[in-house]
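1. Pasting the sequence and the predicted coordinates here, then a few questions.
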There are 4 protein chains.
Amino acid sequence: MLTKQELRSQETKKEIIKAAGQLFASQGFDSVTMREIAKMAGCSHTTIYIYYKDKEDLLHQLAMPPLQALNTQMESILQQIDLSPEERLRTISLEFIRFCLLHRNIYTTFIGVKASRVDLEESANGINTMRISIFNLLKKALRTCFAIENDEHLLMYSRIYFFNLHGIVNTYTHSEESIVSLMERLLPTFEESLDVLFIGISEKIKGVNKN
Amino acid sequence: MLTKQELRSQETKKEIIKAAGQLFASQGFDSVTMREIAKMAGCSHTTIYIYYKDKEDLLHQLAMPPLQALNTQMESILQQIDLSPEERLRTISLEFIRFCLLHRNIYTTFIGVKASRVDLEESANGINTMRISIFNLLKKALRTCFAIENDEHLLMYSRIYFFNLHGIVNTYTHSEESIVSLMERLLPTFEESLDVLFIGISEKIKGVNKN
Amino acid sequence: MLTKQELRSQETKKEIIKAAGQLFASQGFDSVTMREIAKMAGCSHTTIYIYYKDKEDLLHQLAMPPLQALNTQMESILQQIDLSPEERLRTISLEFIRFCLLHRNIYTTFIGVKASRVDLEESANGINTMRISIFNLLKKALRTCFAIENDEHLLMYSRIYFFNLHGIVNTYTHSEESIVSLMERLLPTFEESLDVLFIGISEKIKGVNKN
Amino acid sequence: MLTKQELRSQETKKEIIKAAGQLFASQGFDSVTMREIAKMAGCSHTTIYIYYKDKEDLLHQLAMPPLQALNTQMESILQQIDLSPEERLRTISLEFIRFCLLHRNIYTTFIGVKASRVDLEESANGINTMRISIFNLLKKALRTCFAIENDEHLLMYSRIYFFNLHGIVNTYTHSEESIVSLMERLLPTFEESLDVLFIGISEKIKGVNKN
DNA sequence: GATGAATGAGCCTTCATTCAT
DNA sequence: GATGAATGAAGGCTCATTCAT
């Protein structure tokens, strides 16, 4: 059992990472100062260094767990054989969107392109691996769903598909709305968007296969 | 007529904004220092302040002209009655993409959603106006093209359409490829992407109108 | 009699001062952190403050006992009337060297000339007194040994003699060799060095006295 | 010809290095802060960075020129064939002493043992090379002067000789007296000290050679 | 007695910006 | 018009030290 002191300590640690997440999200990694984080977390800036090695460590701790969770979840969805390929793609797509919007802060810094900055490489390594893995899962789902064999075509339609996902996430990345309200309000739009893509891509592939 | 000195002066001014544009593009606004800009422009860092109020002013001056040009161009395309509505939408869409990729640097900072950061608001005002105007032109083209009367539907399909455009631009925003090579390599993908959207949206609207 | 707890307490106190001594010796006073000392002593860094007022106090506690011991030992050697004056000077000289090399760490900070730094003055007071006393003992041995009556001459040959002692100690002050190995390896050199001084000074004094 | 501005600039640069020299001398490299240096130099601490890369650079700039000068001077003295070997050794010895006392500040940090700290290695490299070169010149003079062929003996008497030089320098390293007054007051002592060594060493070598 | 939690002071360094020439 | 000189504000980070448990 945890002592009262340990509890308070854990709380402080959480407050710090929470504040970091919020500030990174709203201002970007570089613009945020350790002192700002401390202020929002209600502690001295030196306290941060008790729990986290340095500023970059905050980013790392912030990003890894959710990314791993998403990866795992997407993998398990892809193995649900009771779902049709289309349903699987649709599900992991919506899950991906939900995740990215839930973790808007991290998304901006890590999933967002430009992810691998030279000076962050070290701690970003694990994160980059994760990111690649996630995109591979999406690509795999796409190939199965549309039964695309031609690699060039797969690449093209993957791109087109990803444009949409990226666009969705990016559009709402800086929204201040809660994830619940956001999903509730826009889920129909997102689904409609996937519909549009499914129909459009299917039609195009039909045409391609005919020729 | 301009004296020789005035010519030289104008040249310096141009060198500065050119350097700023290149550096902002390749390293991001925050990471660039005034001294770097000055070095690339071949002048002292203090000279910059003769022509531009401050660092932010550089960004502003950098962003407005292209945005205005884009706006004008889009307006003129929309008035070409020899084109079908679909061709007009397709043309301004590709133009928008081309523009955003050409001005990746500015896009990131201004068209990019996060645009209105508190500390930039002042100089961003003019830019924000421009941005809204541009999106309205796109929306107008969409309404005409798909003959959507229901406002709610228009909003939804506009969003879906924009997701794609945003996604495209965002994906290549940080690419180091030249605009020429980028467009040459990916134009088919972009066009295919618009195809997919046109087909998908059209199909969906048909279904909607039937019910 | 001491309780078991008191014993443990005394042990901790000793571990701390021992660790401090070692670390000050190998890294210098400023470079050592309280946390390092605590780690090496096997306790929390806050525990140090239970036994010692502050970092400087550690230095003080570290320096006084050995200095007092040296002082006492030198005094007792000077009183051994079974030794010739020259043997007495030689013995306390070697003893002084041995001591300084044994306590290289403290030497650097305290015997070393620079001793009286403004910010250390307070705690250095006792130490400074000790230092002066030690040098007076050496000077006394010199006067007796060379039978120098002229104060000016005494001062000059004392200086010359001290130059040598200082030089010896200073040269090996930062050596990582153990005191045993150091003395074993260099004792002949040290003795030869004293020989050289004895001969040189004696000869010079003869000449002086003749004139 | 230098403009008034350039003159002032040079002056500032000199004030900075002068202040750094004094402060490093009296407090040691680590204990001195850039702000202290700036304050003593009468400028802002940021100004220092205009003229010197960083704190370490100050140390480097402070140490190299004098060391090179000393090295050159010692070499030229050794080549004066109109002087006897003894006179040459005596001259470079006094020169060495004069130099070390003149540059007391640098001596402490660089000639002083412990010179090569890991984190300073890079900039200290040139300095270390210089130091070694200087000591080799002294050794060479010793060998010639006392005609010592046996390497072991040379090593021993070199050590003894160096003890004295080190001792002299170290004793007055922290004196606040001017170099002029210092040399004037103590030159006889230094010369007497060298006399003592010459006589002592010569006598000892005679004895050794007899056996 | 002993410790983990927390902090204020301070350090080196960078940068946008102003001033005097 | 143009520039080198100079600076204040700020940032990441470390450390000796105190406090509550």
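-> Looks like it arrived, so ask away.

2. How is chain A partitioned into domains?
-> A:1-52, A:63-210 (automatic domain parsing).

3. what about the longest one and chain B, touching?
-> Yes - residues of domain A:63-210 contacting chain B under C-beta under 8 Å from any C-beta of the partner chain: A:112-114, A:156-157, A:159-160, A:162-168, A:170-171, A:173-174, A:188-189, A:192-193, A:195-201, A:203-204. (Glycine included, C-beta is placed from N, CA and C.)

4. Just those residues: which are in helices?
-> A:156-157, A:159-160, A:162-168, A:170-171, A:188-189, A:192-193, A:195-201, A:203-204 (DSSP state H).

5. Can you select the buried ones from those residues in PyMOL?
-> Selection of buried members from these for PyMOL, criterion 16 or more other C-beta atoms under 10 Å in any protein chain shown:
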select buried, chain A and resi 156+157+159+160+162+163+164+165+166+167+168+170+171+189+192+193+195+196+197+198+199+200+201+203+204
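
6. mind listing what's buried in the helix or strand where A:Ile48 lies?
-> Counting by DSSP states H and E, the element that carries A:Ile48 is helix A:45-51. Across helix A:45-51, burial judged by 16+ other C-beta under 10 Å covers A:Thr47, A:Ile48, A:Tyr51.

7. Any chance of these in a markdown table with distance to DNA strand F and pLDDT as columns?
-> A markdown table is the format used below for the buried residues of helix A:45-51 (distance: C-beta to the nearest atom of the strand, whole Å; pLDDT from 0 to 100):
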| residue | distance to DNA strand F | pLDDT |
| --- | --- | --- |
| A:Thr47 | 8 | 96 |
| A:Ile48 | 8 | 96 |
| A:Tyr51 | 12 | 96 |
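
8. and which of the residues you listed is nearest to DNA strand E?
-> Taking C-beta to the nearest atom of the strand as the measure, A:Thr47 is the one of the buried residues of helix A:45-51 closest to DNA strand E, at 3.6 Å.

9. Following the lowest-mean-pLDDT helix or strand in chain A in sequence, what is the next regular element?
-> Taking mean pLDDT, DSSP states H and E as the measure, the helices and strands of chain A show their lowest mean at helix A:104-106, namely a mean of 70. Per DSSP H and E, the first helix or strand lying C-terminal to helix A:104-106 is helix A:121-146.

10. DNA strand E contacts on chain A?
-> Residues of chain A lying close to DNA strand E by C-beta under 7 Å from any atom of the strand are A:Gln5, A:Glu6, A:Arg8, A:Ser9, A:Thr12, A:Cys43, A:Ser44, A:His45, A:Thr46, A:Thr47, A:Ile50.

11. which ones are touching the closest residue to A:Ile160 other than its chain neighbours?
-> Spatially, and ignoring its direct neighbours in sequence, A:Ile160 is nearest to B:Ser193 (4.4 Å; C-beta to C-beta, 6 or more residues apart in numbering or on different chains). When contacts are counted by C-beta atoms under 8 Å, 6 or more residues apart in numbering or on different chains, B:Ser193 touches A:Arg159, A:Ile160, A:Phe163, B:Asn164, B:Ile168.

12. what do you get if the cut-off is 7 Å, keeping everything else the same?
-> By C-beta atoms under 7 Å, 6 or more residues apart in numbering or on different chains, the contact set of B:Ser193 is A:Ile160, A:Phe163, B:Asn164, B:Ile168.
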